[in-house]
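Novice: Coordinates for the following, if possible.
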Amino acid sequence: MEQNDSATQGDNINDAIEMGKDAICLLGISLEDDGKEIPKPNTKEYIQNDDDILVFVDVDFTK
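Specialist: Numbers count the residues shown, from 1 in each chain. Here you go, the predicted model:
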């Protein structure tokens, strides 16, 4: 799969997390619509800058 460098933001941290989940869901829907497989979950090394907040989110594509 090609790397997807999506970004999102919100009015506060909780809002930004929800917007991130939405962005991941939309990516999954687009992949399914294009007949592509949704990648398996994995870990990716991320270099965190001083002002970054790294949050892992859960998304269920089985529903």
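Novice: for this structure, what spans make up the helices?
Specialist: Secondary structure of the chain (DSSP state H): helices at 13-33.
Novice: which residues does residue 17 contact?
Specialist: With contact taken as Cβ atoms under 8 Å, 6 or more residues apart in numbering, residue 17 is in contact with 10, 55, 57. Where C-beta positions appear, they are placed from N, C-alpha and C, glycine not excepted.
Novice: would CSV of the residues you listed with distance to residue 22 and pLDDT be doable?
Specialist: Below are the contacts of residue 17 laid out as CSV (distance: Cβ to Cβ, whole Å; pLDDT from 0 to 100):
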residue, distance to residue 22, pLDDT
10, 10, 88
55, 14, 80
57, 10, 79
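Novice: Who wins on neighbours among the residues you listed?
Specialist: Greatest neighbour count in the contacts of residue 17, by other Cβ atoms under 10 Å, goes to residue 10: 12 neighbours.
Novice: most centrally placed residue in the protein?
Specialist: Residue closest to the mean C-alpha point of the chain, counted by Cα atoms, centre = their mean, is residue 24 at 3.8 Å.
Novice: Quick check: the gap between residue 7 and residue 16.
Specialist: Applying Cβ to Cβ, to the nearest Å, the value for residue 7 to residue 16 is 10 Å.
Novice: More neighbours: which of these two?
Specialist: Remark: of residue 7 and residue 16, residue 16 carries more neighbours, 15 against 7, as counted by other Cβ under 10 Å.
Novice: which residues sit in contact with the more buried one?
Specialist: By Cβ under 8 Å, 6+ apart, residue 16 lies in contact with 8-10.
Novice: if we go to 6 Å?
Specialist: Residues near residue 16 by Cβ atoms under 6 Å, 6 or more residues apart in numbering: 9-10.
Novice: hmm, back to that, which pLDDT value belongs to the residue nearest to the centre of the chain?
Specialist: Looking at residue 24, its pLDDT reads 87.
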